[in-house]
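K.L.:
one predicted model, sequence on top.
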Amino acid sequence: MYTLPVGGGGIEIEGNGAAVYHNSRTTGLTVTPDALKKTTDGDDFYFFVMKKDAVSQLYGSFFGQTGGLGNHVDGGTSRYDKQGIIYEAICANCYGMGAFPTTKGVWAPVNGTGSQGCNLAAVKIAFNYAGVGADPKSLIDGRYDSMGCVPLQVLLKDTLHNAKLYIWSFGDMSPDSTTTSYQVLHTYNAVGTYRVRLITIDSTTCNISDTAFLDILVRSDKAILGFDIAKQPPCQSLNYLFTNVSTPPAGKPFAPGSFTWYFGDGTKSPGLSPVPHTYAAPGAYQVQLVLVDTNYCNYPDTSTQTLRVSPFVKAQFTVPDGCAPYTAYFNNTSLAGQSFFWTFGNGSSSNLENPSTVYTDTGTYTITLLAIDSNTCNIADSTVSYVHVYPKPTAGFSFLPVPAQYNTPTVFNNFSSGATNYEWLFGDGDSTLKNNLDTTVHQYQSTGTFNACLVAFNQFGCSDTICHPVESLINPLLDVPNAFTPGRFGQNSIILVKGFGIAAMDWKIYNRWGQVVFESNSPSMGWDGTYRGALQPMDVYAYTLEATFFDGTKTRRKGDITLIR
C-alpha cells in the first residue's frame, strides 16, 4: 500500500489484493458513485482519496480484471508524481486467465498464444484532486537556465500552467506582475541573486493557491570571445592554425577546458593553445569557438567565422534577376578569399562578404567582384556578371453593381497595364486565372463584404496586386427545374439545382423503383440522364433535396423531374 499527501490537505491511498500472491483481499472496501469499478472479486486494485483532516472519503474505486489468478504489482513498480497522479506497472492476465481492462488501440489486449506468465499492464490514474500547482522555470536566450550576464532578460514560465491567475514577484524591487498568462518576461539591470516567487491561484480547486520559488543569478563576469585564423605554408596546402584571442574578465583566467573548437567539417578539438587543423577538401566552413565553462556569465557563448578553404582564390557569386525597385542580395560563393570588393553598376560599391544593393530603375547592370587572399597561390581573382531588373506591371480593376443588388453577380473590369496574366482572388475562397483583360463575372454565395484582389503578372514574372472591398447581398433561394432533355445541346441537357447562398446540399434522384440513379452535394454538379454509364429511359423521376444556406437556414424539397428524349 502506498500513500501520498495531495492538494487541499487530503491523502491518496493505493493498494491491491491478490489472494494467490499476498493472501490479501479488497472485499469490504467502500466506493464512491464516480468509481471506475464498483464491485470486486477480492483481487483488484483499490484507489482511495481522503478529504482534508480525514473528515470523509472523497473518492474510492476498484480497478482490475475479473477472474483469473488476480492482478498484482511487485515491489518498486508504483509511482506518484508531484500532482498525485499514480503510475502502475501491473502483472495482469497471468497464465492467460482473466481479462484485464484495456483502452482502444492497445498494443496487446490479451496474453500471447501459449504464454505461461503474466502480461505487463501500464496504468495511469489522475484523480485531479491535487489542486492548483506552481513550478516556475526560467529561460535565457531560449534555453532553460537561471544564470546570465547583466542586463539579463529572462522568460519566467510556470511549467504546470493549471492556474487561473499568476502573481510574479521578481525580487528586484520592481512591482509584482499579476496576469492570467503562465509566462512573463522580465529584465534584471543589476548584478545580484534574485529570489523569484510565483503564486498560482485557482479558487475552484481544493487548495485554492500554491507558491513556489526560483533563484536567478545575474553576473558581470563576461568573457569576450574571438579567434584568429592563419593559413600555413605552402600556398597549395589546406593547413590552418587557429588561435584563441578571447579576453577573460578581471581575475578569472580561462582554464584549459574552457573552450571547444568546431572546425565546420565535422571535427572538433578542445584547448586554449593554438590548434592546427588540416581540411580534406576545398570549401566554405563555419568555424566556431564555443565557451563551455560555466564560470562565465555568458556561457555557452559562441564566436563564428566563415573560412573559405582553397589553394587558389576564385571569385564567384550568384544573384537572381528582379523587378524594379529591386533590392538585390548577393551570395558570395568564392573559393578562398579574405577580402572582397564589389561594384554594382548603379554607382554604389561594397567590401562586405555578402552585400546588397537597391536598383531603382530597370535595366541590365554589370557587377564586378574582386576577391583577395594573400595565402593562396594566385592571391587575387575577379569575375564579372550581370543582373537584369525588369519593370513591374500595374494592376487595376473596377466592379459593378455599386451599390450591391440582391442575387446579382459581380462584374469585374480589368484595366491593368504592362501585364500578360492575371489571378483574381474574390475573397470568398474562390479564384480564377486569366490571360486577357476580359471582364470577369463572379457570383458570391453569401451576404458580406469581401476583399477582392487582382494580381497582375508580366512575362518576366514581375507582379503587382491591388485589392478592393466588394459588397454582396444574397437572398437565399432554391429551385429545381421539372424537366430536361439530356443528349441535346443547350442549357437543358443537364439538370442542376438552381439557387443562391447554398452552402451545402444533398440531392438524390430516384427512378420509379426507388433506386437512386443520381446523387450530388454541389449545385455545380448536375445529372446528365445516365446511370452507371447507361442512358436512362424517358420517364418521371422523383427527387429529394436538403440544403443549408450560408446564413445558417435550412430547407427541404421533394418533387418530380421529367426526362424527355
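P.N.:
Perfect, thanks for sending it. Keep in mind that this is a model prediction, so the values were computed, not measured.

K.L.:
ranges for the strands of the stretch 1-150 of the chain?
P.N.:
All strands of the stretch 1-150 of the chain, identified by DSSP state E, counting those that start in this stretch, fall at 2-6, 10-16, 45-50, 57-63, 78-80, 86-92, 119-125, 136-140, 143-144, 147-149.

K.L.:
quick one, the third one and strand 57-63 angle?
P.N.:
Okay, so that is strand 45-50. Counting by axes from the mean of the first three to the mean of the last three CA atoms, to 10 degrees, strand 45-50 lies at 170 degrees to strand 57-63.

K.L.:
how far away from the center of its chain is strand 45-50?
P.N.:
Relative to its chain's centre, strand 45-50 lies at 40 Å (CA atoms, centre = their mean, to the nearest Å).

K.L.:
counting by contacts, list what that strand packs against.
P.N.:
strand 10-16, strand 57-63, strand 86-92 (3 or more CB pairs under 8 Å, 6 or more residues apart in numbering; DSSP states H and E). Backbone N, C-alpha and C define where each C-beta goes, glycine included.

K.L.:
can you do 10 Å?
P.N.:
Applying 3 or more CB pairs under 10 Å, 6 or more residues apart in numbering; DSSP states H and E, we find strand 45-50 packed against strand 2-6, strand 10-16, strand 57-63, strand 86-92, strand 119-125.

K.L.:
hey, least reliable of those by pLDDT?
P.N.:
Among the helices and strands packed on strand 45-50, strand 2-6 carries the lowest mean pLDDT, at a mean of 48.

K.L.:
shaky segments in this protein?
P.N.:
The model of the chain has pLDDT under 70 over residues 1-24, 52, 68-70, 74-77, 82-84, 95-98, 112-116, 127-130.

K.L.:
closest to the centroid, which residue in it?
P.N.:
Centrality entry for the chain: nearest residue to the mean C-alpha point is Gly142, 16.8 Å, by CA atoms, centre = their mean.

K.L.:
go ahead and confirm it touches Leu155.
P.N.:
Yes - counting by CB atoms under 10 Å, Gly142 touches Leu155, with 8.5 Å between them.

K.L.:
before we move on, the earlier item: with distance to Leu185 added, can I get the strands of the stretch 1-150 of the chain in TSV?
P.N.:
Listed next are those as TSV, based on distance: least, CB to CB, whole Å:
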stretch	distance to Leu185
strand 2-6	33
strand 10-16	36
strand 45-50	38
strand 57-63	39
strand 78-80	34
strand 86-92	35
strand 119-125	34
strand 136-140	10
strand 143-144	15
strand 147-149	14
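
K.L.:
which one of those strands is the most hemmed in?
P.N.:
Ranked by mean neighbour count, the strands of the stretch 1-150 of the chain are led by strand 45-50 with a mean of 22 (mean count of other CB atoms under 10 Å).

K.L.:
would you map out the domains in the chain?
P.N.:
2-125, 136-219, 227-309, 317-390, 397-472, 477-563 (automatic domain parsing).

K.L.:
contacting residues around the residue nearest to the centre of the chain?
P.N.:
By CB atoms under 10 Å, 6 or more residues apart in numbering, the contact list for Gly142 reads Leu155.

K.L.:
burial count for Arg557?
P.N.:
Burial measure for Arg557: 15 neighbouring residues, criterion other CB atoms under 10 Å.

K.L.:
which non-adjacent residue is nearest it?
P.N.:
Closest residue in space to Arg557, ignoring its immediate chain neighbours: Leu545 at 4.2 Å, by CB to CB, 6 or more residues apart in numbering.

K.L.:
for the helix or strand harbouring that neighbour, packing partners?
P.N.:
Element membership of Leu545 [criterion: DSSP states H and E] is strand 539-549. Applying 3+ CB pairs under 10 Å, 6+ apart, one finds that strand 539-549 contacts strand 477-479, strand 498-500, strand 502-510, strand 516-520, strand 554-563.

K.L.:
wait, which of those strands is closest to Tyr80?
P.N.:
Closest to Tyr80 of the helices and strands packed on strand 539-549 is strand 502-510 (CB to CB; 50.3 Å).
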